[in-house]
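Asks: would you be able to build a 3D model of this:
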Amino acid sequence: MRRYHFFELLDQVWLWAKLRRWATSYLAASYRLTPFPALWAGMLAQVLDKCGCDRIVDLGSGSGGPMDLVMSELAKTGHRPKATLTDLHPVRKASRLEYWPTPVNACKIPAELRGVRTLFLTFHHFAPAMARAVLLDAFEQRQPICIFEATSRTASAIAVSFLIPVLVWFVTPSIRPVSPLQLLFTYVVPVVPLLAFWDGLVSQLRTYSKPELEALTADFRSPDYNWEVGYIDAARVPFRTCYLIGYAHPGGAR
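Replies: Prediction:
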């Protein structure tokens with residue numbers, strides 16, 4: 001199945017801010033129902049150890065994504081790195097995690113932001129040219145990078161997308177805080193479920209396959225820098241997801 005870079009509604013600047021917040025609150029709550037945060041944390045812990053890093057720089061963080069959950073899972077492994085959230089359009093909200101106050105372009109990270117770069121459910125937003133630029137910047141600065149998705153461009157993943165409206169209805173009561181207006185646009189006028197469905201379906205179609213991830217890194221090769229591309233098999237998830245990890249050998253980071 002070829003990759004389609006259709007538009008996602010949450011990427012549109014004209015989208016009503018409340019709709020964006022309600023949709024992202026559903027996503028944040030839904031992460032808790034999956035094994036992904038624990039799996040990602042386990043892989044991230046290995047990269048932290050390999051690189052001797054004690055800082056995570058999360059790219060394209062939006063309103064925080066799954067980072068709180070990942071940090072909690074990392075703590076269970078004995079890892080307590082400092083995490084800095086970044087975004088091209090920073091979101092200022094109360095959080096136990098630091099949010100970098102100025103815009104950060106994932107293709108050109110400021111030199112002062114050193115550490116393991118993470119992209120959770122974000123990389124599929126980048127068209128190939130920009131995706132290569134994100135990887136090139138990590139490679140040239142010899143900074144580790146971990147890319148994780150919860151989507152897959154497969155028939156089973158696309159089929160699961162059609163369950164998203166039901167999942168929104170199921171998950172919304174667990175969201176705190178939840179406003180009467182959010183309930184109205186979820187259950188009476190189902191704008192939030194339809195928005196989440198469209199973006200979820202498009203995310204599956206946008207997701208890079210393993211061969212495509214390998215091709216994106218093909219020109220960025222060096223004896224002092226490793227790329228790993230593989231699959232994550234998650235319990236209760238009827239499809240495999242891809243990951244991409246890059247890191248310099250010990251002593252190779254500049």
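Asks: gap between the closest residue to Pro66 other than its chain neighbours and Ala234?
Replies: In space, not counting the residues next to it along the chain, Pro66 is nearest to Tyr31; the distance is 4.4 Å by Cβ to Cβ, 6 or more residues apart in numbering. (Glycine included, C-beta is placed from N, CA and C.) Going from Tyr31 to Ala234 by Cβ to Cβ, to the nearest Å gives 12 Å.
Asks: ok, the residue nearest to Pro66 to Leu39 distance?
Replies: Tyr31 is 12 Å from Leu39, by Cβ to Cβ.
Asks: same question for Ile56.
Replies: 16 Å.
Asks: which of those two has more neighbours?
Replies: Neighbour count, other Cβ atoms under 10 Å: between Ile56 and Leu39, Ile56 has more, with 25 against 20.
Asks: assign a three-state SS to that one, would you?
Replies: Assigned state for Ile56: strand (three-state reduction, DSSP: H, G, I helix; E, B strand; the rest coil).
Asks: looking at it, it is touching Arg114, isn't it?
Replies: No - applying Cβ atoms under 8 Å as the test, Ile56 and Arg114 come out as separate, 10.7 Å apart.
Asks: phi and psi next, for the residue lying farthest from the centre of the chain.
Replies: The centre of the chain is farthest from one residue, Val188, which by Cα atoms, centre = their mean lies 30.2 Å away. Here is the backbone geometry of Val188 (degrees, to the nearest 10): phi -90, psi -50.
Asks: try Gly60
Replies: Per-residue torsions, Gly60: phi 60, psi 40 (degrees, to the nearest 10).
Asks: what about the strands in the stretch 51-200 of the chain?
Replies: Here the stretch 51-200 of the chain has its strands, by DSSP state E, counting those that start in this stretch, at 55-58, 82-85, 98-99, 116-120, 145-148.
Asks: so what's the closest residue in space to Met67 that isn't next to it in sequence bridging to?
Replies: In this structure, Met67 finds its nearest non-sequential neighbour in Asp58, 5.5 Å apart by Cβ to Cβ, 6+ apart. Listed beta-bridge partners, Asp58: Leu85, Thr118 (assigned using DSSP bridges).
Asks: pLDDT weak spots in this structure?
Replies: Across the chain, the ranges flagged by pLDDT under 70 are 92-95, 251-254.
Asks: list the contacts of stretch 166-174.
Replies: Residues outside stretch 166-174 that contact it (Cβ atoms under 8 Å, 6 or more residues apart in numbering): 26, 29-30, 32-33, 178, 182-183, 186-187, 192-193, 196.
Asks: let me see the contact set for the residue nearest the centre of the chain.
Replies: Nearest to the mean C-alpha position of the chain, by Cα atoms, centre = their mean, lies Phe120 at 1.6 Å. Counting by Cβ under 8 Å, 6+ apart, Phe120 makes contact with 40, 58, 65-67, 70, 148.
Asks: now do the helices in the stretch 151-254 of the chain.
Replies: 155-161, 164-171, 180-183, 191-206, 210-216 (DSSP state H, counting those that start in this stretch).
Asks: of those, flag the one that's most buried.
Replies: helix 191-206 (a mean of 21; mean count of other Cβ atoms under 10 Å).
Asks: isn't Ala235 up against Pro35?
Replies: Yes - the criterion here is Cβ under 8 Å, and Ala235 meets it with Pro35 at 5.2 Å.
Asks: the more surrounded of those two?
Replies: For Ala235 versus Pro35, neighbours defined as other Cβ under 10 Å are more numerous around Pro35 (13 against 7).
Asks: you'd agree that one is up against Thr241?
Replies: No - contact criterion Cβ under 8 Å: Pro35 and Thr241 do not qualify, at 11.1 Å.
Asks: overlap in contacts, the two.
Replies: Common contacts of Pro35 and Thr241, defined by Cβ under 8 Å, 6+ apart, comprise Ala234.
Asks: from Asp199, how far out is the nearest residue to Ser209 once chain neighbours are set aside?
Replies: Spatial nearest neighbour of Ser209, excluding adjacent residues (Cβ to Cβ, 6+ apart): Arg153 at 6.0 Å. Applying Cβ to Cβ, the value for Arg153 to Asp199 is 15 Å.
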